[in-house]
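**Q** Sequence and predicted structure below; questions after.
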Amino acid sequence: MGFLCKLVDASLLLVFSVIALAAPLIDSQTFLPQSVFPELVVDLKKYYIRHYDDYLLDEMPNFFVGLIWVELLFQWPLAVLNIYGILAYKPWFKTTCLIYGVSVLTSMAAILGELIGSQKASDKLMMMYCPFMGFGILAMLRGLVPCTNTSGSMGKKPASATARKKRA
């Protein structure tokens, strides 16, 4: 179980890192003027919309804009916190990971409901959004399932000064 937890934590770390970069650079273009962003980032969003035919980012329905606000004001700080929690072996990581996972699942239920219900989404677009549902489930399970390695998420926690003195 310890190896599996480390593998899950490494996967979560990768996705949290991508989200920590993408959310403020891509999603915040929804409500901030394009002049605030480098041309490369603006072009990246336009390319993504064209390549995946993402009608949600193109048309910006009100519910989707609301979910982007949730992502930027609630989920993004939790993603950054979770990166720190994994790397620093913080005991609260399970709690913040659970909260993050439940929030992502809730958002993805609304988004996937729209994508499936509208029948506008291409298979390519569905393949872009569906992994986020899986990621939300993975984050939620990581918060719920105890790991055998309680000293940290990615490896052994460094010994405290008192423990080192006792051994000496």
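**A** That came through, no problem.

**Q** can you list the weak-confidence ranges in this structure?
**A** The chain contains residues with pLDDT under 70 at 148-168.

**Q** which stretches of it form helices?
**A** Using DSSP state H, the helices of the chain run over 2-25, 39-52, 55-59, 62-70, 76-87, 93-118, 123-144, 161-167.

**Q** and these, which is most packed in?
**A** helix 76-87 (a mean of 19; mean count of other CB atoms under 10 Å). The C-beta positions use only the backbone N, C-alpha and C, and glycine is treated the same way.

**Q** what sits up against it?
**A** The contact list for helix 76-87, computed with CB atoms under 8 Å, 6 or more residues apart in numbering, reads 9, 12-13, 16-17, 19-20, 23-24, 90, 92-93, 96-97, 99-100, 103, 139, 153-154.

**Q** ok, back up a step: now render the helices of the chain as JSON lines, adding distance to Leu32.
**A** Formatted as JSON lines, the helices of the chain follow (distance: least, CB to CB, whole Å):
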{"stretch": "helix 2-25", "distance to Leu32": "10"}
{"stretch": "helix 39-52", "distance to Leu32": "11"}
{"stretch": "helix 55-59", "distance to Leu32": "14"}
{"stretch": "helix 62-70", "distance to Leu32": "11"}
{"stretch": "helix 76-87", "distance to Leu32": "14"}
{"stretch": "helix 93-118", "distance to Leu32": "20"}
{"stretch": "helix 123-144", "distance to Leu32": "22"}
{"stretch": "helix 161-167", "distance to Leu32": "46"}
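
**Q** looking at the ones you listed, which is closest to Phe31?
**A** With CB to CB as the measure, helix 62-70 is the member of the helices of the chain nearest Phe31 (7.2 Å).

**Q** any idea how far that closest one is from the chain center?
**A** Taking CA atoms, centre = their mean, to the nearest Å, the mean C-alpha location of helix 62-70 is offset from the chain mean by 16 Å.

**Q** and what of stretch 127-134?
**A** 11 Å.

**Q** List the contacts of it.
**A** By CB under 8 Å, 6+ apart, stretch 127-134 touches Tyr52, Asp54, Val104, Leu105, Met108, Ala109, Ile111, Leu112, Leu115, Ala121.
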